[in-house]
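> any chance you can model this:
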Amino acid sequence: MQNFIAYIPTQLHFGKGVIKGLPGASLPFGKKVLLMYGKGSALKNGSYDDTLQQLKIAEMEVFHFDGIKSNPVVEDVDAAAELGIAKQVDMIVAVGGGSVIDSAKITAICIHDQVKAWDVVKRKVIPTGAIPLITVLTLAATGTEMNSVAVLQNHKTDEKLGYGHISMYPKHSFLDPGYTLSVPANYTAFGVVDLVAHCLEAWFGAGDASLSDRFVIAIIKEAMEYGPLLMNDLNNYDLRARIMWAATNALNGLTSYGRVSGDWAVHGLGHVLSYLYDTPHGASLSIVYPAWLRIMKDRIPARISQLGEQLFNENDPEKTIVMLEAFFSELGSPVRLSEIGKTDNEVEEIVKIMNHNRVSGMNMRLSEDDRRQIVLQMV
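Numbers count the residues shown, from 1 in each chain. Have a look, this model is predicted:
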């Protein structure tokens, strides 16, 4: 095992009605709140109304920034930060899924240090801190509610990049599975894919960490057992709760302790599809992961075989890939570019942006030819 530091400072509130704890959680940070949310789901599922009610109970002065889109953009973060600075807010409360919370994380740094978002993401400035962030989660997928990582895209530079900083851990996160009951089938499926992908990125990281491996397998098995059941019973609170908790644990550090790092190549590759075609993040991962595995099966056959043995009682690498792909398809998530309306006509465009972003893994490095071969596998 490698040396590591275990540190998850987020206080997580899980279950029905936990939003009632928001006043007590927020009051220590001040009285002025920047309330960030998306384009409509928070208004439909009750999370926005419940959050605003609790902020009123706490007698907070609330400033609104709404309209954050899926696959968040740098312009929204800069605009939110400008509002927060102008109003001298004490904290951010973010109501939504990964896009809203990721945007809020970088906004919190930009307000604290009065800097531009892309300068933060490109590491042109080193953050000195961030204003406090509280999250109210409405989508089980990214795990952003309990980690210090965010993703942001910039159409001026043709980049979609991940960024992490210790100051971006939310202070409190409120997870009421009831807020996910209105998530439609496709985004429910994409969320399950996303949590599985997070586990796989850890599995293919460098180093030997047997307990972390067991956490990975347990979380994926949770998703494989309850994900299909949920797809057939979208209004089942208990199933929503199980998937929500699995998604949080898939990327809060639990699966990575004792390793040098996760690999993260597939996330980088998937970000290109999201950037180019606004493909939902989870959908991009279900397309890319089988293709990446097929390129890697002759390089790391033992690791893929170990995965197959644990998940499918199957030690053949290709059969393991086929069975994982079948699971994604069972959920209703795409596994080929054709399923999102793209053909081999887009291969060159995709490869170009992958090369421009220098997409690679942290453990298994990718060459330009590797990227091309992965895209060809995706067609």
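> switch to C-alpha atoms for all contacts and neighbour counts from now on
OK.
> these two touch, right, F328 and V193?
Yes: here F328 reaches V193: they are 6.8 Å apart, a contact under C-alpha atoms under 8 Å.
> neighbour-wise, which of the two wins?
V193 (31 against 25; other C-alpha atoms under 10 Å).
> which residues touch the more buried one?
141, 282-283, 285-286, 328, 333 (C-alpha atoms under 8 Å, 6 or more residues apart in numbering).
> now do the same for it: helix, strand or coil?
Three-state call for V193 (DSSP: H, G, I helix; E, B strand; the rest coil): helix.
> which neighbours do F328 and V193 share?
S286.
> ok, back up a step: so which of the contacts of V193 sit within helices?
Counting by DSSP state H, the contacts of V193 place 282-283, 285-286, 328 in helices.
> same list (those residues) but as CSV, adding pLDDT.
Output for the ones in helices among the contacts of V193, formatted as CSV (pLDDT from 0 to 100):
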residue, pLDDT
G282, 97
A283, 98
L285, 98
S286, 98
F328, 98
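> looking at these, which is nearest N249?
G282 (16.7 Å; C-alpha to C-alpha).
> the closest one touches V196, doesn't it?
No: G282 lies out of contact with V196 (C-alpha under 8 Å); the separation is 9.6 Å.
> neighbours around N232, how many?
11.
> OK, contacts around the nearest residue in space to E82 that is not next to it in sequence?
Distance criterion C-alpha to C-alpha, 6 or more residues apart in numbering; nearest residue to E82, sequence neighbours excluded, is I111 at 7.5 Å. By C-alpha under 8 Å, 6+ apart, the residues touching I111 are 81-82, 84-85, 130-131.
> now the buried members of the contacts of V193.
Among the contacts of V193, those buried by neighbour count (16 or more other C-alpha atoms under 10 Å) are 141, 282-283, 285-286, 328, 333.
> what sits against M378?
M378 neighbours (C-alpha under 8 Å, 6+ apart): 287-288, 291, 335-337.
> name the member of the residues you listed with the most neighbours.
I287 (29 neighbours).
> show me the residue at the heart of this protein, geometrically.
T142 (2.5 Å; C-alpha atoms, centre = their mean).
> the closest residue to that one other than its chain neighbours and W245, how far apart?
Once flanking residues are discounted, T142 sits nearest to G98: 5.7 Å by C-alpha to C-alpha, 6+ apart. With the distance defined as C-alpha to C-alpha, to the nearest Å, G98 ends up 15 Å from W245.
> more neighbours: the two, which one.
Per other C-alpha under 10 Å, whichever of G98 and W245 has more neighbours is G98, with 25 against 18.
> any idea of the pLDDT on P334?
Predicted confidence (pLDDT) for P334: 98.
> ok, now the one 3 residues further on?
Model confidence at L337, expressed as pLDDT, equals 97.
> what's the answer for the one 5 residues further on, then?
For K342, the model assigns a pLDDT of 95.
> likewise the one 3 residues further on?
With respect to pLDDT, N345 scores 94.
> assign it to helix, strand or coil.
N345 - assigned by three-state DSSP - is helix.
> swap in V95?
Going by three-state DSSP: V95 is strand.
> that one: how many residues sit nearby?
28.
> so the closest residue in space to A140 that isn't next to it in sequence is in which element?
What sits nearest to A140 in space, not counting adjacent residues and going by C-alpha to C-alpha, 6+ apart, is M244, at 4.7 Å. Per DSSP states H and E: M244 is located in helix 237-250.
> quick one: list the elements packing against the next helix-or-strand element following that helix.
On the C-terminal side of helix 237-250, the nearest following helix or strand under DSSP H and E is helix 265-277. Helix 265-277 sits against strand 159-164, helix 281-296, helix 347-356, with contacts defined as 3 or more C-alpha pairs under 8 Å, 6 or more residues apart in numbering; DSSP states H and E.
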